[in-house]
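A.B. asks: Give me the fold of what follows.
(chains A and B)
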Amino acid sequence: MSEGLYARLEQQAPIPLAAELRCAPGELAALVGPSGSGKSTILRCIAGLYRPRAGEVRCNGALWFDGRVDLRPQLRRVGLVFQSYALFPHLSALGNVMLAAGHVPPAQREAKGRALLELVNLAGLEGRRPAELSGGQQQRVALARALARDPEALLLDEPFAAVDRVTRRKLQRELALLRERVRIPIVLVTHDLDEARVLADSMTILHHGKTLQRGAPAEVLARPCSAEVARLLDLGNLFEAVVREHLPESNRTLLEWGGITLEAKHAPGYSPGERVSWVVAPEYVILHRRDRPSLGERENPVQGVVQECVSMGETTSVAIRVGGQLSLTMNIATHHARRNRLAAGEAATVTLLAEGIHIMQRDDAPRARAARA
Amino acid sequence: MDWTALRLSLELAACTAVLLVPVGLLIARELAWRNIAGRAWLEALVALPLVLPPTVLGYYLLSAFGGGSWLGQAYQSIVGHPLAFSFNGLLLASMVFNLPFAVQPMQRAFEAIPQEVRDAAWVSGLSRWSAFRRVELPLAWPGIVSSLVLTVAHTVGEFGVVLMMGGNIPGETRTLSIAIYDRVQAFDEKAAATMSAMLLVFSLLAIGVVYALSDRRRSA
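C.D. replies: The predicted structure follows:
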């Protein structure tokens, strides 16, 4: 793309990287992965603070990095909010912001600094040093300083990790509002899936420096492309099965799962006989009522024994043992659990809605079928 | 009270500080931030004057600058008198034995600046020189002042190396510390007492400043 941010980074050592990232102007792209997956390194590569062995970084058509070109961070107009904010301790909030506005004529720098601090709701605190500001306020100064460069892209490295929940909600809301005013690509690094789901237009999953899947958060969460991604997204109910056959007329694929035949959402990319992984979200697991026996054919009836019932307020999380080893997790309203007298050791039958059974690549399957949503 | 000796001590201290601190700053910066192979050994080399007996230091310096060395002979042929047993020879020796006092406080100060703060300066558009002048230097300032004060105090207080390299020549290499020794040998208690008290107060003030600075940094 000629507009927006594009980065492709490749390296074997010392930090493995096999990542690709895109972000259009006005888009907020979340980069999600566990600690140590290389998220911060990717941001540093984009900012010019780390030079990968190979790859390409472009912003709005300008080449910032490829094997031969490597622009210094000073020449890349990028705003970076560090995880620890990295404010200049010897300068006031206004001083911090003004220092980054070197490209603005000296006479206008102060006015610009004040305007930015007002934009991030810090009017009145311009004279305070970082040590005199709270975590949330420091984060805002860091954001104002990043914006002072009139950047072509904004990079945020886990900006809300170190603040309390109330402040985090406030800052997230402010970021969402800021997006509307500042139409540049924004890359948000986070390990918090909820944050990505709430703020981001697209989500890229990263693990060991490798981008695994990219798509709208809801899309990625509903249709992970592999068992690895499903595990990273902390999706329960992850199992393996064998594809039996496809039934395109009814938009279904049949799976052989531990002696049980399941009807899953149609997945033509996998051949009969192939071992696959599949996942079903807890909301697609429906409990059969005990006082009313199963009427006729229900979708994918599965019989099992309740392993444990954990009541978390209004919702109870139920784990059901199926076939001796496998464990299905489902959520049920606590009053339903009580009405059905659900307790450990009780027999239970559930329905797995075919719509919710999503088939994916197994972990050690060849990467040829890497699905990009 | 030997005013000439006092003046000599102060001159030596001032010249050493002015020449050594900028050099020490560059060394300190490289040791703090550059990942040099064998850095520990370089640091050990810099710290050597702290642990070597002054006589060992004096011996090696004499070997390097004395009448028999090529440096000493080259100097003599250009300037006309020997490098050893002259003020300039003392100055050179002083720069060597003060190296750890100049480098270490500044190195600690630079190391205390988080790499992310330097990164932030660069990403904010500051050139490396601007970042050094406007971010790193102000933050390392207490360390630089400590280096300055320690170098001055240590030079004024140095005895062994000054004696070996300087030779106790009045008006040329008889610094205050040597003068005290000289007076004690001559049983001139009064003079020795006056000069000793002066050095004591001076050293206490110098160390006090250094600790006050590090205290301020700790509470900041």
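A.B. asks: So which residues on chain B come close to chain A?
C.D. replies: B:114, B:116-117, B:119-127, B:130, B:134-135, B:138-139, B:220 (CB under 8 Å from any CB of the partner chain). Every residue, glycine included, has its C-beta placed from N, CA and C.
A.B. asks: So what would you say the end-to-end distance of stretch A:229-242 is?
C.D. replies: 19 Å (CA to CA, to the nearest Å).
A.B. asks: need the contact list for the residue nearest to the spatial centre of chain B.
C.D. replies: The centroid of chain B falls nearest to B:N98 when counting by CA atoms, centre = their mean (3.1 Å). B:N98 makes contact with B:16, B:20, B:49, B:151, B:154-155, according to CB atoms under 8 Å, 6 or more residues apart in numbering or on different chains.
A.B. asks: Please indicate which of these are buried?
C.D. replies: B:16, B:20, B:49, B:151, B:154-155 (16 or more other CB atoms under 10 Å in any protein chain shown).
A.B. asks: which residue packs closest to the residue nearest to the centre of chain B, ignoring adjacent ones?
C.D. replies: B:T151 (4.9 Å; CB to CB, 6 or more residues apart in numbering or on different chains).
A.B. asks: Confirm that that neighbour lies within a helix, as I assumed.
C.D. replies: Yes: under DSSP: H, G, I helix; E, B strand; the rest coil, B:T151 sits within a helix.
A.B. asks: For it, give its distance to chain A.
C.D. replies: 24 Å (CB to the nearest CB, to the nearest Å).
A.B. asks: Residues contacting stretch A:170-177, please?
C.D. replies: A:28, A:120-121, A:136, A:139-140, A:156, A:159-160, A:163, A:188, A:195, A:198-199.
A.B. asks: which of the residues in it are buried?
C.D. replies: Those would be A:171-172, A:174-175, for stretch A:170-177 by 16+ other CB under 10 Å.
A.B. asks: can I get these in CSV with distance to A:E346, pLDDT and secondary structure?
C.D. replies: Output for these, formatted as CSV (distance: CB to CB, whole Å; pLDDT from 0 to 100; DSSP: H, G, I helix; E, B strand; the rest coil):
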residue, distance to A:E346, pLDDT, secondary structure
A:L171, 46, 86, helix
A:Q172, 42, 88, helix
A:E174, 49, 86, helix
A:L175, 47, 88, helix
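A.B. asks: Looking at these, which two lie furthest apart in space?
C.D. replies: A:Q172 and A:E174 (7.3 Å; CB to CB).
A.B. asks: hmm, who's touching the lengthiest strand in chain A?
C.D. replies: In chain A, assigned by DSSP state E, the strand with the most residues is strand A:301-312. Outside strand A:301-312, the residues that touch it by CB under 8 Å, 6+ apart are A:260, A:288, A:294, A:316-323, A:327-328, A:334, A:337, A:342-352.
A.B. asks: Return the distance of it from the chain's centre.
C.D. replies: How far strand A:301-312 lies from its chain's middle: 29 Å, per CA atoms, centre = their mean, to the nearest Å.
A.B. asks: again with stretch A:253-272
C.D. replies: With CA atoms, centre = their mean, you get 28 Å for stretch A:253-272.
A.B. asks: Need the residues that contact it.
C.D. replies: With CB under 8 Å, 6+ apart, stretch A:253-272 has contacts from A:239, A:241-248, A:251-252, A:276, A:278, A:299-300, A:302, A:322-323, A:326, A:352, A:354-359, A:369, A:371.
A.B. asks: now do stretch A:61-75
C.D. replies: A:2-3, A:45-49, A:51, A:54-58, A:76, B:119, B:122-123, B:125-127.
A.B. asks: These in strands, which ones?
C.D. replies: Among these, DSSP E puts A:54-58 in strands.
A.B. asks: What's the local residue count around the closest residue to B:Q73 other than its chain neighbours?
C.D. replies: Once flanking residues are discounted, B:Q73 sits nearest to B:G67: 7.2 Å by CB to CB, 6+ apart. Counted with other CB atoms under 10 Å in any protein chain shown, the neighbours of B:G67 add up to 13.
A.B. asks: and what of B:L45?
C.D. replies: B:L45 has 12 nearby residues by other CB under 10 Å.
A.B. asks: Could you dump the contacts of B:N98 into a markdown table and include pLDDT and secondary structure?
C.D. replies: A markdown table is the format used below for the contacts of B:N98 (pLDDT from 0 to 100; DSSP: H, G, I helix; E, B strand; the rest coil):
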| residue | pLDDT | secondary structure |
| --- | --- | --- |
| B:T16 | 93 | helix |
| B:L20 | 94 | helix |
| B:P49 | 89 | helix |
| B:T151 | 93 | helix |
| B:H154 | 91 | helix |
| B:T155 | 91 | helix |
